[in-house]
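> Sequence plus predicted model, see below.
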Amino acid sequence: MPIAINGSGTITGVSVGGLPDGIVDEDMLAANAVTAAKSSGRVKGITEFDMWRVSSSFAQQNAVITSNWERADTQFDKIGTGLTESSGIFSFPSTGIYLINFQIYSWESGGTAYHGGTIDFSTDSGSNYTTRVEMLTNSYNTGSAVGGSVFMHVTLDVTNTSTNRVRFTTVGDSEISFVANSDQQRVGFTCLRLGDT
């Protein structure tokens with residue numbers, strides 16, 4: 001089809017890729033003409049942000065946190081699709097580089113040497129996990145009630161939403177009481193998609 005300039009000022013007959021490179025610049029684009037779906041990398045901005053927490057206190061030792069997970073609902077709403085959860089195993093809504101921040105809070109009557117947690121990542125639908133980060137409190141053994149908190153973070157390269165999974169565990173030298181709450185982020189995590197994989 002030949003290129004034609006119509007009386008209305010429109011141009012027809014230009015095929016995809018028919019314009020020379022550099023002829024269309026940012027100034028020529030209409031406001032809001034480029035959507036996140038048509039952009040790439042950091043240009044997209046924040047497309048996924050989610051926050052989950054454990055809603056009630058629990059006691060355990062060296063185990064996956066499998067129950068009472070809820071998406072935060074106190075002055076919060078996710079951005080994007082958000083993660084999905086089943087028995088403490090979380091799946092991602094899209095591929096990309098994700099920043100995970102995980103925190104836990106404990107309260108013990110005494111005699112505990114340490115406690116902490118891990119962030120574990122699977123690339124085979126949860127058949128095997130690799131601990132990507134582990135953090136422990138400073139040792140304490142005061143014989144009286146002691147509170148402790150641990151914060152950790154890691155970036156994960158999610159290349160396949162069907163097979164990549166993340167989970168969170170507790171670590172301790174004995175069974176630890178972890179203090180959770182349905183209105184506060186005491187035991188829980190945030191997940192932010194930083195950009196494309």
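Perfect, I can see it now.

> so what's L136 bridging to?
Per DSSP bridges, residues listed as beta-bridge partners of L136: G116.

> One more: the one 10 residues further on?
On the basis of DSSP bridges, V146 is bridged to E108.

> Counting neighbours, what do you get for it?
By the criterion of other C-beta atoms under 10 Å, V146 has 17 neighbours. (Each C-beta comes from the backbone N, C-alpha and C, glycine too.)

> close enough to count as contact, it and E108?
Yes. Counting by C-beta atoms under 8 Å, a contact exists between V146 and E108, whose distance comes to 5.5 Å.

> Low-confidence stretches in the protein?
Residue ranges of the chain with pLDDT under 70: 1, 34-44, 109-112, 138-145.

> ok, now with 90
In the predicted model, the chain carries pLDDT under 90 at residues 1-45, 106-115, 136-149, 172-177.

> Now list whatever residues contact both of V146 and E108.
Contact with both V146 and E108 is made by no residue, according to C-beta atoms under 8 Å, 6 or more residues apart in numbering.

> Off-centre distance for stretch 55-63?
How far stretch 55-63 lies from its chain's middle: 21 Å, per C-alpha atoms, centre = their mean, to the nearest Å.

> Would you mark the buried spots in it?
For stretch 55-63, a neighbour-count test (16 or more other C-beta atoms under 10 Å) marks 55, 57-58 as buried.

> Closest to F92 out of these?
Distance from F92 was checked for each of the buried residues of stretch 55-63 by C-beta to C-beta. The minimum falls on S55, at 22.1 Å.
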